[in-house]
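[1] Would you be able to build a 3D model of this:
(3 chains)
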Amino acid sequence: MPDLGPYWLEVLASYIVSLVILAGLVALIWRRSARVHRDLSKLEARSRAAPRTGEHGNG
Amino acid sequence: MSLWEYANPKKFMDTTGPLVPWVAGAAAVAMATGLIWGFFLTPDDFRQGSTVRIVFIHVPAAMMAINIWVMMLVTSLVWLIRRHHVSALAAKAAAPIGLAMTVIALITGGLWGQPMWGTWWVWDPRLTSFLVLCLFYIGYIALWQAIEDPDTAADLTAVLCLVGSVFALMSRYAVFFWSQGLHQGASLSVQAGERMAADYRYPLYLCMVAFGLLFVALVLVGTRTEIRARRMKALEARARMTQGLT
Amino acid sequence: MIALLARDLRLAIRAGGGFGLGLAFFLILAVLVPLGVGPDPQVLARIAPGVLWVGALLACLLSLDRIFALDWEDGSLDLLATAPIPMEGVVAIKAAAHWITTGLPLTLAAPVLGVLLNLAPAAQGWLVLSLLLGTPALSVIGTFGAALTVGLRRGGLLLSLLVLPLYVPTLIYGASVVTRGAEGLSTATPLALLAGITLGAAALLPFASAAAIRINLR
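    I've put the predicted structure just below:
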C-alpha cells in the first residue's frame, strides 16, 4: 500500500467507486446476456421451428 | 470481403462469439495492470500529491464517454442509411456503458476537485458539458426503453442521436462562452514540454487501452444479447400466430 | 398551409390551455421565486434574467405534448401525412402555431414580470428582444421532441427529459443577452449566436421532426 498522504480518502474513494460502477455494469450486462441466452435456447428447443430468417448464430 | 458482411446478424454472431472471451480477458489484464501500476507504482506529484492517481481512471473514462457517443452517432447513421440491424443494436448496447463512463468521470472529477480546487463541483465549462452529456445519455436510453416496436425505437433513437450530437456540440461551445473555467487543458498534449512525465504517461496509456477494450467487450456482449432478444421476440410472435391459426 | 395554421390557432384558443396555461405558469414562477429567495431587490435584480429565461423555457415545455397529441388521437395526423403539403411544412406550421400561442404571449408578458423581479430598466428591451429571437427556437426544438414521443401514451415526462438538454444553448445565450444588457455590456455576440441557433433550428429541425412523425405513423 503506497502512502497516500492527506488525500488518501479521495484517492481510495474514487478508485473504489469507479470499480464498483464498472463491476455493476459488467454484472448487469452479463446477467441480462445469460438470461436472454437461456430463454432463447429454451424457446428454440420448444418450438423446434427451423430458423428461417437466419437471424441467429450458434454461439 | 468487406466490413458490411458483419452487418448480417448470423455472421456477426458467428464471428464475435469466439472473440468475446479474448477481448474480455485482454480488457481484464490491461485494466488490472494499468490500475495497479497507476495506484501502487507511481510517485506523488509535487503539486497534486497522491491525487494524481485519480487521473488513471478519470481521463480514460472521460475519453470513453465522448468516444462512445461518437460511436453511437456513427452506428446510428449506418442504421439510418443502410438499415443494418446490428448497427442499431450496437448503438443501443453502447448507451448504458457511455452513461456509466460519464458518471465515473463526473464522480472521480469531483473527488479530485475537492482537495485540489476546494470544491466538489464548479460550474466550469468542461464539467458542465459533461453533465449535459450525461443528460443526453439518459434521454437516449429512456427513449429506447419507452418505445415497444424495435424498428421504430431504433429509428427514433437514431434521429435523436443525430440531433443530440449537433446540440451537444453547440452546448459545448455555449458553456465555454458562458464561463471560463478552472479545468486544465487536455492532459495528453502533443507539444513537447507540456506533456506529463513518463511516470504517469505510460500507465495512463495502458488504462486508456484497458477502458477501450472493456468497452469493446461489453458492447459485443450487449449487442449479442440484443440480437438474441430480437430473435426471441420474432419466435414468440410466430408461435402466437401459428397458435391463432390452428 | 395558412388554413392549417388558422385551424391550429383556433383549436388552441378554443381549448383554452394554449394562451392561458403557459402564461399563468410564468406568472406563478415570477411570484414564487421572490418568495423563495427573499425580497432583497439586489438579489432579485441579479437573478432576474436567468429566472425569466428558465421560466419562459418551462412554460414553453408545458404545452409541447399537445402539439401533435390531439391530431394523433383523432387520426388527423394520418390525413395530414397524405395531404399535398409535405410533412416538413406541416411540422413547421405546428411549431409556428405553438410559438404564436406560447412564445409570443410570454415575450409580451415578460417586461411586466421583469418589473416584479426588479430587472434593471436598461435590460427590459434586451429581455423582450432575446425572448423574441429565442422562443421560436424553443418551439421548433420542442416540436422535434413532441414528434419523437407522439406515439407514446405517457410521453410527457420523457418529452421533458429529451427536450431540456436540447434547450441548453438557447438558454445560455438568451439569458446572457439579458445579463449583459443589464450590466450595460455589449450584447452583440450572444444576440447573434441566439439568432443563429433559432435560424439554424428553424431551417433544419423540421426535417428531423418530419422524419420522426413518418416513423411514428408507419
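
[2] element containing C:Gly184?
    Using DSSP states H and E, C:Gly184 sits in no helix or strand.

[3] The residue lying closest to it once chain neighbours are set aside: which element?
    Nearest residue to C:Gly184, sequence neighbours excluded (Cβ to Cβ, 6 or more residues apart in numbering or on different chains): C:Ala122, at 6.4 Å. Just so you know, the C-beta spots here come from the backbone N, C-alpha and C atoms, and that holds for glycine as well. In this structure, C:Ala122 sits in helix C:121-148 according to DSSP H and E.

[4] by contact count, what packs against that helix?
    The contact analysis (3 or more Cβ pairs under 8 Å, 6 or more residues apart in numbering or on different chains; DSSP states H and E) places helix C:121-148 against helix B:150-178, helix C:41-62, helix C:66-73, helix C:87-98, helix C:104-116, helix C:156-166, helix C:168-182, helix C:188-217.

[5] tell me the most buried of the ones you listed?
    The highest mean neighbour count among these, using mean count of other Cβ atoms under 10 Å in any protein chain shown, belongs to helix C:168-182: a mean of 26.

[6] Mind listing residues that contact that one?
    For helix C:168-182, contacts defined as Cβ atoms under 8 Å, 6 or more residues apart in numbering or on different chains pick out B:132, B:167, B:170-171, B:173-175, B:177-178, C:45, C:48-50, C:52-54, C:57, C:119-120, C:122-123, C:125-127, C:129-131, C:133-134, C:137-138, C:141, C:186-187, C:190-191, C:193-194, C:197-198.

[7] if we go to 6 Å?
    With Cβ atoms under 6 Å, 6 or more residues apart in numbering or on different chains as the contact definition, helix C:168-182 has outside contacts at B:132, B:170-171, B:174, B:178, C:49-50, C:53, C:57, C:120, C:123, C:126-127, C:130, C:134, C:137, C:187, C:190-191, C:193-194, C:197.

[8] any chance you could map the strands in chain A?
    With DSSP state E, there are no strands along chain A.

[9] And for the closest residue to chain A within chain C, nearest residue in space, chain neighbours not counted?
    Of all residues in chain C, C:Arg218 sits closest to chain A, at 20.2 Å by Cβ to the nearest Cβ. Excluding the flanking residues, the one nearest C:Arg218 by Cβ to Cβ, 6+ apart is B:Thr152, at 6.9 Å.

[10] Got the confidence number for that neighbour?
    For B:Thr152, the pLDDT comes out at 87.

[11] Any figure for the gap between it and C:Leu217?
    Using Cβ to Cβ, to the nearest Å, B:Thr152 is found at 10 Å from C:Leu217.

[12] Check B:Val23 too.
    Between B:Val23 and C:Leu217 the computed distance is 41 Å (Cβ to Cβ).

[13] Mean pLDDT lowest where, among the helices and strands packed on helix C:121-148?
    helix C:66-73 (a mean of 80).

[14] how much does that helix deviate in direction from helix C:87-98?
    Between helix C:66-73 and helix C:87-98, the angle comes out at 130 degrees (axes from the mean of the first three to the mean of the last three Cα atoms, to 10 degrees).

[15] For the helix or strand following helix C:66-73, buried residues please.
    Sequence order places helix C:76-82 as the next helix or strand after helix C:66-73, per DSSP H and E. Within helix C:76-82, the residues that count as buried by 16 or more other Cβ atoms under 10 Å in any protein chain shown are C:77, C:80-81.

[16] what comes into contact with helix C:76-82?
    By Cβ under 6 Å, 6+ apart, the residues outside helix C:76-82 that reach it are C:71, C:90, C:217.

[17] So which bits of chain B are right by chain C?
    With the criterion set to Cβ under 6 Å from any Cβ of the partner chain, chain B comes near chain C through B:132, B:135-136, B:139, B:142, B:146, B:152, B:155-156, B:159, B:163, B:167, B:170-171, B:174, B:178.

[18] again, only using 7 Å
    Residues of chain B lying near chain C by Cβ under 7 Å from any Cβ of the partner chain: B:132, B:135-136, B:138-139, B:142-143, B:146-147, B:152, B:155-156, B:159-160, B:163, B:167, B:170-171, B:174-175, B:177-178.

[19] Give me the angle between the helix holding C:Ala122 and helix C:41-62.
    In terms of direction (the same axes, to 10 degrees), helix C:121-148 departs from helix C:41-62 by 20 degrees.

[20] ok, back up a step: would you mind measuring from the residue nearest to C:Arg218 to B:Thr102?
    With Cβ to Cβ as the criterion, B:Thr152 and B:Thr102 are 26 Å apart.

[21] for chain A, which spans come out with low pLDDT?
    Where chain A drops to pLDDT under 70, the residues are A:1-4, A:47-59.

[22] ok, now chain B?
    Along chain B, the parts satisfying pLDDT under 70 run over B:1-7, B:46-47, B:180-196, B:244-246.

[23] sorry, back to before: could you double-check that the residue nearest to C:Arg218 lies in contact with C:Ile215?
    Yes. The pair B:Thr152 / C:Ile215 is scored as a contact, 5.8 Å apart, by Cβ atoms under 7 Å.

[24] Now do the contacts for C:Leu162.
    By Cβ atoms under 7 Å, 6 or more residues apart in numbering or on different chains, the residues touching C:Leu162 are B:139, B:143, B:160, C:145, C:148.

[25] And for C:Leu61?
    With Cβ under 7 Å, 6+ apart, C:Leu61 has these contacts: C:142, C:160, C:163.

[26] hang on, the earlier thing: residues near the residue nearest to C:Gly184, how many?
    Other residues within reach of C:Ala122 by the criterion other Cβ atoms under 10 Å in any protein chain shown amount to 11.

[27] what does A:Trp30 give?
    Look at A:Trp30: counted by other Cβ under 10 Å, it has 15 neighbours.

[28] the longest helix in chain B is where?
    If you go by DSSP state H, chain B has its longest helix at helix B:198-245.

[29] And that helix, what does it pack against?
    If contacts are counted by 3 or more Cβ pairs under 7 Å, 6 or more residues apart in numbering or on different chains; DSSP states H and E, helix B:198-245 sits against helix A:8-47, helix B:9-40, helix B:55-82, helix B:85-117.

[30] buried sites along the shortest one?
    Spelled out, it's helix B:55-82. Neighbour-count burial for helix B:55-82 flags B:55-69, B:71-73, B:75-80 (criterion: 16+ other Cβ under 10 Å).

[31] do the same with the last one
    For helix B:85-117, a neighbour-count test (16+ other Cβ under 10 Å) marks B:85-116 as buried.

[32] between that helix and helix B:150-178, how many degrees?
    30 degrees.

[33] Tell me if helix B:85-117 is near chain A.
    Yes. Contact of helix B:85-117 with chain A (Cβ under 7 Å from any Cβ) involves B:96-97, B:100, B:103-104, B:107-108, B:111-112, B:114-115.

[34] swap in the second one?
    Yes. Interface with chain A: helix B:9-40 contributes B:9-10, B:13-14, B:17, B:39-40 (Cβ under 7 Å from any Cβ).

[35] and the residues you listed, which are buried?
    If you count burial by 16+ other Cβ under 10 Å, the buried members of the residues of helix B:9-40 next to chain A come out as B:9, B:13, B:39.
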